[in-house]
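**Q** Provided below for reference: sequence and predicted model.
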Amino acid sequence: MSEKWGNVDVGVLVCGPPTLQSSVAQEIRSHSLTRKPHFPIFHFNSHSFDL
């Protein structure tokens, strides 16, 4: 995918339980720390809908 799109911003929206939000956020952080200059930049956003 990075070869096709290169250095682009990708928004990641997570709606779900805190454990899901945490695991997705951890993956995004891991990707950001090892990201090469020509790879996409991921931005994490979470929303919680508690009743």
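**A** Cool, got the structure. Here the structure is a predicted model, which means the values were calculated and not measured.

**Q** And stretch 10-23, what's buried?
**A** 14, 21 (16 or more other C-beta atoms under 10 Å). Any C-beta I mention is one placed from the backbone N, CA and C, and that applies to glycine too.

**Q** in the chain, which helix or strand is least confident?
**A** In the chain, no helix or strand scores lower on mean pLDDT, DSSP states H and E than helix 2-5, which sits at a mean of 70.

**Q** Adjacent strands (with direction) for the following helix or strand past it?
**A** Sequence order places strand 9-15 as the next helix or strand after helix 2-5, per DSSP states H and E. Paired neighbours of strand 9-15 in the sheet (DSSP bridges): strand 41-47 (parallel).

**Q** List the residue ranges of this structure that fall below the pLDDT cut-off.
**A** 1-3, 50-51 (pLDDT under 70).

**Q** quick one, the longest helix anywhere in the chain and strand 9-15 angle?
**A** Looking across the chain with DSSP state H, the single longest helix is helix 18-34. Following axes from the mean of the first three to the mean of the last three C-alpha atoms, to 10 degrees, one obtains 160 degrees for the angle between helix 18-34 and strand 9-15.

**Q** then helix 18-34 to PDB, C-alphas only?
**A** Provided in PDB are the C-alpha atoms of helix 18-34 (Å, rounded to 0.1, in the frame of the first residue of the first chain):
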ATOM      1  CA  PRO A  18     -11.600   0.400  25.600                       C
ATOM      2  CA  THR A  19      -9.600  -2.800  25.000                       C
ATOM      3  CA  LEU A  20     -10.100  -2.500  21.200                       C
ATOM      4  CA  GLN A  21      -9.300   1.200  21.300                       C
ATOM      5  CA  SER A  22      -6.100   0.500  23.300                       C
ATOM      6  CA  SER A  23      -4.900  -2.200  21.000                       C
ATOM      7  CA  VAL A  24      -5.500  -0.100  17.900                       C
ATOM      8  CA  ALA A  25      -3.800   2.900  19.400                       C
ATOM      9  CA  GLN A  26      -0.800   0.700  20.300                       C
ATOM     10  CA  GLU A  27      -0.500  -0.600  16.800                       C
ATOM     11  CA  ILE A  28      -0.600   3.000  15.400                       C
ATOM     12  CA  ARG A  29       2.100   4.100  17.900                       C
ATOM     13  CA  SER A  30       4.300   1.200  16.900                       C
ATOM     14  CA  HIS A  31       3.900   2.000  13.200                       C
ATOM     15  CA  SER A  32       4.700   5.700  13.900                       C
ATOM     16  CA  LEU A  33       7.900   4.900  15.700                       C
ATOM     17  CA  THR A  34       9.200   2.700  12.900                       C
END
